[in-house]
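Participant: return atomic coordinates for the entry below.
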Amino acid sequence: MRLMLIRVFIFSGVLVSWMVAVNVAQAIDVDLKMDEAKKALAAGRAPMEGANNPEDVKKVLQQAAVVTRVGADPEKDPCGANAVLRTKRYWLESFGRQESTESKKQKHEVRMPDDKIQKILDMPNLEMSIQLCGDDEYFAEGVQVALQQGSKTIKPVDVSPADKGRKNEGLGAAFRSRFTARFAYDSFDPNAKTKILIYYQDGKMIDFDADLSKVK
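Facilitator: Next up, the predicted model:
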């Protein structure tokens, strides 16, 4: 009986460790190494190498945004608030797509130098590109953002001014706008339940859930 209990405790400990490892593995890749970075570049190149016309390229770029998007799906809710998370892996795969494009143009292999890759690996901040909709072209002027994790409110390192609203072709509000915010990687928990809070100059506030643990 005692031996059986010991085995149960050991198994439980292994199971918990495995669950923690899986949870951490799903979170944003902050501590990427050079060999992992080069694999990410290759992952970005692969779909672009098979994209031989503008429509193919558009599909590849749309899929890249889907992988790191949180919030509303623009295909289903054109005016739903959402954010594309530009993580280190996002940037590396993006540059991989550029490598593929330049290789085709120059008709020889183009690769990013290691020192440029290292600059991406050393990036201290997560960048978020956030899309909103409103009723006039200046509706997003002065907009601010924060992350809410439990009782903790995390403010960005900086926020870029919102774009002038563009005419919205879909249903809902008349204009769409984007703005960019950067959050220090060490300021938030990528595995915690998260809300993105958006504050407008007129005092209005909206929020949406963001499962950061699903983004690499």
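
Participant: skipping adjacent residues, who's closest to Val66 in space?
Facilitator: Asp73 (8.0 Å; CB to CB, 6 or more residues apart in numbering). The C-beta positions use only the backbone N, C-alpha and C, and glycine is treated the same way.

Participant: actually Lys155, not the one I typed
Facilitator: Closest to Lys155 by CB to CB, 6+ apart is Ala146, at 5.3 Å.

Participant: can you count the residues close to the residue nearest to Val66?
Facilitator: Neighbourhood size, Asp73 [other CB atoms under 10 Å]: 11.

Participant: quick check: it is in a strand.
Facilitator: No. Secondary structure of Asp73 (DSSP: H, G, I helix; E, B strand; the rest coil): coil, not part of a strand.

Participant: wait, it sits on Cys79?
Facilitator: No. Judged on CB atoms under 8 Å, Asp73 makes no contact with Cys79 at a distance of 11.5 Å.

Participant: who touches the nearest residue to Ser187 once chain neighbours are set aside in this structure?
Facilitator: Of all residues not flanking Ser187 in the chain, Ile154 sits nearest, at 5.2 Å (CB to CB, 6+ apart). Neighbour list for Ile154: 146-148, 183, 187-188 [criterion: CB atoms under 8 Å, 6 or more residues apart in numbering].

Participant: which ones among these lie within strands?
Facilitator: Among those, the members found in strands (DSSP state E) are 146-148, 183.

Participant: hang on, the earlier thing: okay, the contacts of Ile154 in TSV with neighbour count, distance to Thr101 and pLDDT next?
Facilitator: Listed next are these as TSV, based on neighbours: other CB atoms under 10 Å; distance: CB to CB, whole Å; pLDDT from 0 to 100:
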residue	neighbour count	distance to Thr101	pLDDT
Ala146	19	36	98
Leu147	23	34	98
Gln148	18	39	98
Phe183	21	29	98
Ser187	16	34	97
Phe188	18	33	96
